[in-house]
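Asker: Structure here, sequence nowhere to be found:
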């Protein structure tokens, strides 16, 4: 924090006259009052600008210094010491200014200098006469603080009661306070009226009328932050997302420090505008400045960085969330996933294991076991650890078909066909309408030379999902290489190509079928297509394809 101090030159601007200064000060006071009533940042900025202009126009007016100091301190642009320096300037210009002493006393309280503060409030009281209600009340508050801190005497207690009662009674002679009170009261009543009217219309489902009531409330009270929020909430309820965002943005412009508005902007942007990741990140970073629920904010930021494929920042965000709440299983799981994306598999294993140990929910933990088992199987090639992890996941959730299929794939990788077939069949019993389970079962049966059973499984997979090109291709392979019926296989290879025109293996198998049928021309055509596609997909050996083309015409 840096102190923005205004140093008086005590030379009035040649272009300024008394009326100009009065006008600037009046505008500053009005903006200051509006800020105190409405708490909108625009009024605060305008008041600061006006007080600065007043000092530039006439640096001998002490009011500008202490009021500017309070606003700059409120905004965080100066420290308490800086505010006190401004007050010293004000008092040097006008030693008997009551308000300058009140502000100085207030700042001394903030700085912990209670004796100095009491002295300033005393000077303000002695200089105010019957209008000393405010300094008396400030004095009572100061004495109450001393009483609470156990650094007081019976005399302080009596003085506290004296200043509290006398200040409360004398408030009726304090015209500025009464005027501000009336303004607060009138504004609050108007806000209450329009807010209540709008909410009543909302309950009656008269949404256009509710929106009109809030709009009038905005116009009549200028309480933008509140009514823009209400209009944003109403638009969101009516599923008018674009309008709700505009209202929330306007509320945010008026009150950037309103955390609730920033939360709404962040969540709506993240949910409904996934393409605008940067804006969502900016809103969540703004939320960090409030210092509340930091772990949740870092968690959301981690997901947003993953959406941007920014692996470094994703890991950092999830790590910060996990450090703030180490026993949160979801933070550990997301951190592990980010490490996987960053290809830091040992770190990922550590945090997946911790998430599993925390086990907040059996079904959820089963999914985490699946992710960890996949790392053991596919990255570490530690089949024993993978099998144990998959089995643990199945114990947690016997209905997790995905983990059963991965366990079956693990057995296939080890050429343990019997256990693979059994595992795939178990998956079918859990989810009999899952086309993928039948396709994997068909492949395992084919590897086991159970041709008829394999054909039945592939047909069932295709029945459940005719657009699954892998089942179409594999069924063609069974007919071609198992049954020895190339004509039947052609139908399935062509269907696979129709579904996926870039399916290199299907072109290759179709060429083989034509080769077996003796149609060298068609075989050559499809081998050439295979060769062209393989330059992109790199699924097959180019040397093998070229050799087959050569063999056709040898």
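Answerer: Structure received. Model, not experiment: these values are computed from the prediction. Numbering: from 1, shown residues only.
Asker: mind checking how far the closest residue to residue 387 other than its chain neighbours is from residue 462?
Answerer: Closest residue to residue 387 in three dimensions, ignoring its sequence neighbours and counting by CB to CB, 6 or more residues apart in numbering: residue 410, at 6.0 Å. Backbone N, C-alpha and C define where each C-beta goes, glycine included. Distance of residue 410 to residue 462, computed by CB to CB, to the nearest Å: 25 Å.
Asker: where does residue 501 land in three-state SS?
Answerer: Under DSSP: H, G, I helix; E, B strand; the rest coil, residue 501 falls in the coil class.
Asker: Next up, the contacts around it.
Answerer: If a contact means CB atoms under 8 Å, 6 or more residues apart in numbering, then residue 501 has no contacts.
Asker: can you check residue 373 too?
Answerer: Residue 373 neighbours (CB under 8 Å, 6+ apart): 385-387, 389-390, 393, 403, 406-407, 410.
Asker: So, low pLDDT: which residues of the protein?
Answerer: 1-17, 33-40, 150-152, 167, 170-192, 222 (pLDDT under 70).
Asker: what number of residues lie near residue 131?
Answerer: For residue 131, the neighbour count with other CB atoms under 10 Å is 16.
Asker: Now it. Its backbone dihedrals?
Answerer: When read as degrees, to the nearest 10, the backbone of residue 131 gives phi -100, psi 30.
Asker: Let me see the contact set for residue 375.
Answerer: 340, 345, 348-349, 352.
Asker: try 10 Å
Answerer: Applying CB atoms under 10 Å, 6 or more residues apart in numbering, we find residue 375 in contact with 336, 339-340, 345-346, 348-349, 352, 382, 385-386, 389.
Asker: returning to that earlier point: of all pairs in the contacts of residue 373, which one is the farthest apart?
Answerer: Pairwise distances across the contacts of residue 373 peak at 14.6 Å for 385 and 403 (criterion: CB to CB).
Asker: Tell me which of those two has more neighbours.
Answerer: For residue 385 versus residue 403, the count of surrounding residues by other CB under 10 Å is larger for residue 403: 26 against 16.
Asker: and the gap between that one and residue 373?
Answerer: 7 Å.
Asker: Next, show the common contact partners of those two.
Answerer: Common neighbours of residue 403 and residue 373 (CB under 10 Å, 6+ apart) are 389-393.
Asker: can you give me the helices for the stretch 51-200 of the chain?
Answerer: 63-75, 80-93, 98-111, 114-126, 133-148, 154-170, 175-203 (DSSP state H, counting those that start in this stretch).
Asker: meant to ask about the stretch 451-554 of the chain
Answerer: 451-464, 469-477, 486-499, 504-517, 520-537, 542-552.
Asker: Show me what the longest one is in contact with.
Answerer: Outside of helix 520-537, the residues within contact range by CB under 10 Å, 6+ apart are 490, 493, 497, 501-517, 519, 539-542, 544-553.
Asker: ok so, going back, buried set for the helix or strand harbouring the residue nearest to residue 387?
Answerer: Using DSSP states H and E, residue 410 maps to helix 401-413. Neighbour-count burial for helix 401-413 flags 401-412 (criterion: 16 or more other CB atoms under 10 Å).
Asker: swap in stretch 203-212?
Answerer: 207, 210-211.
Asker: List just the nearest of those to residue 437.
Answerer: Checking the buried residues of stretch 203-212 one by one against residue 437 (CB to CB), the nearest turns out to be residue 207, at 48.2 Å.
Asker: Now do the contacts for the closest one.
Answerer: With CB under 10 Å, 6+ apart, residue 207 has these contacts: 198, 201, 234-235, 237-238, 240.
Asker: give me that answer again for 8 Å
Answerer: By CB under 8 Å, 6+ apart, the contact list for residue 207 reads 201, 234, 237-238.
Asker: gap between it and residue 268?
Answerer: Relative to residue 268, residue 207 is positioned 18 Å away (CB to CB).
Asker: Next: residue 23.
Answerer: 43 Å.
Asker: who has more neighbours, those two?
Answerer: Counted by other CB under 10 Å, residue 23 and residue 268 do not tie: residue 268 has more neighbours, with 18 against 14.
Asker: secondary structure element for the more buried one?
Answerer: Using DSSP H and E, residue 268 sits in helix 259-272.
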